[in-house]
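# sequence-free structure coming up:
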């Protein structure tokens with residue numbers, strides 16, 4: 001009996017020491033303000049990216065670290081220069097938000113070679129040292145394309161709003177192509193779209209022209225909510241809400257307000273809470289700096305949101321939506337015990 005008690009005691013002590021070790025905050029974070037993480041963004045336009053940035057800033061505050069942010073506004077040459085500047089500043093980590101692999105890969109490799117940790121959001125990087133965060137864009141593309149096909153019983157004339165050259169948009173497009181193959185009655189009667197400095201407004205203009213050219217169209221599939229906002233405004237101003245149903249990707253408070261307004265043709269969207277994604281990006285970068293080994297792919301699970309659900313649950317904003325759909329809340333990805341301990345320490 002004594003031997004049994006001794007063994008139990010040893011196991012309990014081992015468990016306590018293990019938990020303590022797991023919660024040990026890395027020495028690098030003794031003064032977390034000295035930990036500098038750069039966030040380099042290709043695009044900052046729109047409520048999705050504004051909420052993403054707010055999430056990143058909130059996580060940085062909780063960790064007590066310094067977050068340096070720069071936005072290229074769609075200019076790849078400028079994005080490369082921003083990367084060069086942060087590498088020269090010898091920051092501890094860089095979050096590369098969107099962008100294109102060809103111009104950015106040399107700078108990512110340079111950063112890694114100089115000991116700077118790198119994590120990406122919606123950018124494919126063929127290097128196992130770089131974790132990739134995404135909203136599971138293949139699943140997003142499938143869910144929203146399938147929703148359109150099912151709602152129309154497999155027969156619709158669709159105006160497709162999307163562009164190539166952006167990793168998340170390309171992945172979503174793959175699923176749209178599969179849905180068209182599966183449901184032969186789903187016809188893409190027109191394709192339009194461009195990413196500009198005023199995407200929503202420019203999409204509205206494009207949509208107005210396409211509606212005149214394709215009067216048989218009765219659905220819109222927009223693979224980004226900035227596209228959807230422009231399409232919805234064009235449809236409503238033309239008085240054609242009863243003719244169209246709009247399906248989109250991403251969800252923000254602005255999107256919710258447009259979806260629930262009277263006679264809105266915007267019937268469904270699929271996405272994540274970009275606030276939670278921004279928090280994950282900073283948390284992942286901090287974890288790398290702290291010596292954690294992360295999975296290559298950090299996929300945030302998306303949720304389907306319908307206009308009917310929003311109205312039935314009296315949802316007015318993202319806070320309401322997260323309460324109604326907890327799956328949109330804080331991601332459970334990348335929570336080493338020491339990060340939790342650091343957050344608690346900073347609260348004191």
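Sure thing, it's come through. Just so it is clear, the structure is predicted and the values come from calculations on it, not from any experiment.
# next, give phi and psi for the closest residue to residue 24 other than its chain neighbours.
Counting by CB to CB, 6 or more residues apart in numbering, the nearest residue to residue 24 once its immediate chain neighbours are dropped is residue 338, at 6.0 Å. Glycine gets a C-beta too; all of them are placed from N, C-alpha and C. With angles defined as degrees, to the nearest 10, residue 338 sits at phi -70, psi -30.
# list the contacts for residue 338?
Shown in contact with residue 338 (CB atoms under 8 Å, 6 or more residues apart in numbering): 22, 23, 24, 25, 26, 29, 290.
# if we only consider the residues you listed, which is nearest to residue 211?
residue 290 (52.7 Å; CB to CB).
# next, the buried residues of the helix or strand hosting residue 55.
Residue 55 belongs to helix 47-63 when assigned by DSSP states H and E. Of the residues in helix 47-63, 47-53, 55-57, 59-60, 62-63 count as buried by neighbour count, 16 or more other CB atoms under 10 Å.
# of the residues you listed, the lowest pLDDT goes to which?
Ranked by pLDDT, these bottom out at residue 47, which has 84.
# nearest residue to it other than its sequence neighbours?
Nearest residue to residue 47 in three dimensions, chain neighbours excluded: residue 252, at 3.9 Å (CB to CB, 6+ apart).
# ok, now residue 78?
residue 72 (4.3 Å).
# how about the contacts made by that neighbour?
Per CB under 8 Å, 6+ apart, neighbours of residue 72: 40, 41, 42, 43, 78, 79, 82, 99.
# still on that earlier bit, and the contacts of residue 338, which of them are in strands?
Within the contacts of residue 338, no residue falls in strands by DSSP state E.
# are any of the residues you listed buried, and which?
25, 26, 29, 290.
# how about residue 184, nearest residue that isn't a chain neighbour?
Leaving aside its sequence neighbours, residue 184 sits nearest to residue 154 (CB to CB, 6+ apart; 7.7 Å).
# that neighbour is in what secondary structure piece?
Residue-wise, residue 154 maps onto no helix or strand under DSSP H and E.
# gap between residue 35 and residue 206?
As for residue 35, its distance to residue 206 is 44 Å (criterion: CB to CB, to the nearest Å).
# between these two, tell me which one has more neighbours.
For residue 35 versus residue 206, the count of surrounding residues by other CB atoms under 10 Å is larger for residue 35: 23 against 20.
# in space, what's closest to residue 67 - neighbours in sequence excluded?
That would be residue 60: by CB to CB, 6+ apart, it lies 3.8 Å from residue 67.
# kindly report the same for residue 134.
residue 122 is the one closest to residue 134 (CB to CB, 6+ apart), at 5.5 Å.
# how far does stretch 133-144 sit from its chain's centre?
10 Å (CA atoms, centre = their mean, to the nearest Å).
# what does it rub up against?
By CB under 8 Å, 6+ apart, stretch 133-144 touches 119-122, 167-168, 171-176, 178-179, 221, 223, 247-249, 268-272, 277, 280-281, 284, 297-302, 304.
# show the buried residues in those.
The buried subset of the contacts of stretch 133-144 - by 16+ other CB under 10 Å - is 119-122, 167-168, 171-173, 175-176, 179, 221, 223, 247-249, 268-272, 277, 280-281, 284, 298-300, 302, 304.
# inside helices: which ones of the residues you listed?
Counted as lying in helices by DSSP state H, out of those, are 167, 168, 171, 172, 173, 175, 176, 179, 277, 280, 281, 284.
# quick one: contacts for residue 201?
Applying CB under 8 Å, 6+ apart, we find residue 201 in contact with residue 230.
# now it: phi and psi?
According to degrees, to the nearest 10, residue 201 has phi -60, psi -40.
# distance of it relative to residue 225?
For residue 201 relative to residue 225 (CB to CB), the value is 14 Å.
# tell me who's in contact with the nearest residue to residue 240 once chain neighbours are set aside.
Spatial nearest neighbour of residue 240, excluding adjacent residues (CB to CB, 6+ apart): residue 211 at 6.9 Å. With contacts defined as CB under 8 Å, 6+ apart, residue 211 is in contact with 159, 217, 234, 235, 238, 240.
# only whichever of the residues you listed are buried, select them in ChimeraX.
Written as a ChimeraX command, the selection of buried residues from those, which uses 16+ other CB under 10 Å, is:
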select :159,217,234,235
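# tell me, how many residues neighbour residue 287?
The burial count for residue 287: 23, using other CB under 10 Å.
# next, it: phi, psi?
According to degrees, to the nearest 10, residue 287 has phi -60, psi -40.
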